[in-house]
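Student: Predicted coordinates and the sequence they were generated for:
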Amino acid sequence: MATANDEEILEGFLCPICKADLKTASQLTNHFESLHQEEQDVLKSLKEIFGKAKKIILNNDDADIQETFDRALKFNSQDYYEPNEEQTVGVSRSSTDYFKGVRSARLERYATETNKLLIRLDKLVGNMPSEPNLRRQHEQEVVPWLDGSSVKLCPNCAKAFNLTRRKHHCRLCGSILCHDCSTFLDINVARSIIDPSVPLMPSDHEVTEKTGLRLCEHCYNLIELRKQVQESRNAKTALVQAYEQMRGLMDQAKPAVAMYEKMCQSLFDGESTYNLSDVNAMRGRIGKLAEGVDALSKHIAAFPAEPGTRQAKLYSSIRQAATSYIKDELLSLRKLPTEAQIEEVRRQRYERAERQIQKERERMEQEGALASAAGPSHVEVQHHDENNPILEQMNIIRGYIKEARRELRFEEVAMLEANLKELKKEYQLQMLSNRT
């Protein structure tokens with residue numbers, strides 16, 4: 001409502017005669033009837049306005065709106081007991097339905113308003129230009145800004161605008177406010193609110209006009225409330241968190257068990273890729289994973305639940321499944337060979353390799369004798385083991401193998417050991433060729 005000079009705007013349940021704010025419709029009606037009885041024409045016009053509003057609302061054929069409107073009329077009627085009015089003993093009345101109707105209408109209004117802001121927010125951050133001037137133009141195209149030529153004061157703090165206190169606009173509603181009353185919403189947070197599937201990257205810098213959207217307090221509170229609702233819906237219960245941790249340990253245990261079986265087979269085959277301490281370290285790692293799975297399943301089984309309910313059966317089933325998994329997959333590991341067995345297998349493997357090398361040496365000697373018989377050869381071979389690049393590569397790989405073993409990266413150990421074997425074969429062939 002505007003005053004005569006149109007310089008100040010008043011809002012509320014204002015008396016059209018004395019401009020007093022009566023806070024509620026019932027108080028405004030009582031005030032007007034008691035103090036301004038002579039102004040019956042104005043009162044009649046007010047009733048006509050309320051009657052027209054009722055017709056418009058009822059024409060929507062919305063049963064909930066009609067019921068809410070009827071309750072509001074009943075609340076403002078003479079049947080309503082004023083706080084200071086004496087009530088008849090034994091007479092009571094429930095206003096629960098009325099308050100539920102008012103609350104539902106208010107919640108619906110807030111939800112509708114919030115949805116409108118989210119649609120605008122989606123349009124703002126969807127195709128936002130990086131260049132400041134283009135961004136400003138884009139923001140005004142999405143949300144028209146109010147004309148602030150006649151606004152002298154900030155609507156929030158009531159401070160006058162001047163050279164140091166400039167006028168700004170809310171990017172969601174287009175209203176005018178000063179910088180001190182502005183709140184900036186991080187653009188990354190805005191994207192996560194619009195699309196919850198987008199991961200929210202943590203930011204340690206202060207949100208400014210360059211990195212955020214300038215909002216008024218009202219719009220920011222509505223957006224923040226929607227964000228809190230999303231977070232509460234996406235929040236994981238203690239049961240879900242414990243179960244996900246348990247499943248994570250199971251996922252880690254599966255490749256660890258496969259690696260353990262591979263390492264055991266390597267020992268039984270007499271290979272030198274792994275040693276007994278490597279396999280024991282992997283077995284210890286699997287044991288720790290089994291302890292973690294067992295502890296988490298016990299924690300889940302201890303959650304409070306009424307006996308015989310579906311919740312109690314769920315907790316028990318998770319515990320039984322975890323126990324069976326530990327017994328069948330993690331505790332039934334292959335037995336390791338003894339040091340004596342490993343040494344015996346490796347000795348036999350070494351003897352087979354020596355025999356193979358001896359056969360290769362004899363073959364190359366025969367080829368060398370045939371070449372000498374064919375004609376004199378003046379090929380001079382110089383060999384310096386200390387400067388041999390193959391030996392240098394072998395030493396470097398041995399260092400990498402030690403480091404990988406310390407960090408239990410046995411897949412890397414296997415790859416490095418295979419490279420080392422290839423270098424050993426190449427070095428042996430080089431030595432045999434130099435001898436001939």
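Tutor: Structure received.

Student: For N275, the count of nearby residues, please.
Tutor: 16 (other Cβ atoms under 10 Å). Backbone N, C-alpha and C define where each C-beta goes, glycine included.

Student: now stretch 271-290: mean pLDDT?
Tutor: The average pLDDT within stretch 271-290 is 85.

Student: Quick one: distance of that stretch to the chain centre.
Tutor: Distance, stretch centre to chain centre, for stretch 271-290: 35 Å (Cα atoms, centre = their mean, to the nearest Å).

Student: Tell me which stretches of the stretch 151-300 of the chain form strands.
Tutor: Taking DSSP state E, counting those that start in this stretch, the strands of the stretch 151-300 of the chain run over residues 168-169, 176-177, 183-186, 212-215.

Student: Which neighbouring elements make contact with the third one?
Tutor: Taking 3 or more Cβ pairs under 8 Å, 6 or more residues apart in numbering; DSSP states H and E as contact, the helices and strands that strand 183-186 lies on are strand 212-215, helix 217-234.

Student: Can you dump the C-alpha atoms of the shortest one in PDB for me?
Tutor: Once non-C-alpha atoms are left out, strand 212-215 reads as follows in PDB (Å, rounded to 0.1, in the frame of the first residue of the first chain):
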ATOM      1  CA  GLY A 212      29.100 -17.200  -7.200                       C
ATOM      2  CA  LEU A 213      25.700 -15.800  -7.700                       C
ATOM      3  CA  ARG A 214      24.500 -12.700  -5.800                       C
ATOM      4  CA  LEU A 215      21.300 -13.500  -4.000                       C
END
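
Student: From the contact counts, what lies against it?
Tutor: Against strand 212-215 (3+ Cβ pairs under 8 Å, 6+ apart) you get helix 96-126, strand 183-186, helix 187-194.

Student: angle of the next helix or strand after the longest one against helix 96-126?
Tutor: Sequence-wise, the next helix or strand downstream of helix 96-126 (DSSP states H and E) is helix 132-142. Between helix 132-142 and helix 96-126, the angle formed by their directions is 140 degrees, by axes from the mean of the first three to the mean of the last three Cα atoms, to 10 degrees.

Student: follow-up on the earlier one: next, format the helices and strands packed on strand 212-215 as TSV and append mean pLDDT, distance to T237 and mean neighbour count.
Tutor: Output for those, formatted as TSV (pLDDT from 0 to 100; distance: least, Cβ to Cβ, whole Å; neighbours: other Cβ atoms under 10 Å):
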stretch	mean pLDDT	distance to T237	mean neighbour count
helix 96-126	79	26	14
strand 183-186	89	28	20
helix 187-194	84	21	19
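
Student: nearest to S316, of these?
Tutor: With Cβ to Cβ as the criterion, S316 lies closest to helix 187-194 of the helices and strands packed on strand 212-215, at 37.8 Å.

Student: now the helices and strands packed on strand 212-215 in CSV, with distance to K288?
Tutor: Below are these laid out as CSV (distance: least, Cβ to Cβ, whole Å):
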stretch, distance to K288
helix 96-126, 45
strand 183-186, 40
helix 187-194, 36
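
Student: right, and those - which one's nearest G287?
Tutor: Per Cβ to Cβ, nearest to G287 of the helices and strands packed on strand 212-215: helix 187-194, 40.4 Å.

Student: Distance check, the closest residue to L22 other than its chain neighbours against V102.
Tutor: Closest residue in space to L22, ignoring its immediate chain neighbours: L28 at 4.1 Å, by Cβ to Cβ, 6 or more residues apart in numbering. According to Cβ to Cβ, to the nearest Å, L28 and V102 sit 17 Å apart.

Student: thinking again about what came up before, tell me which of the helices and strands packed on strand 212-215 sits nearest to E306.
Tutor: helix 96-126 (30.5 Å).

Student: Tell me the pLDDT of C170.
Tutor: So, for C170, pLDDT stands at 90.

Student: That one touches C216, doesn't it?
Tutor: Yes: using Cβ atoms under 8 Å, C170 is in contact with C216, at 4.0 Å.
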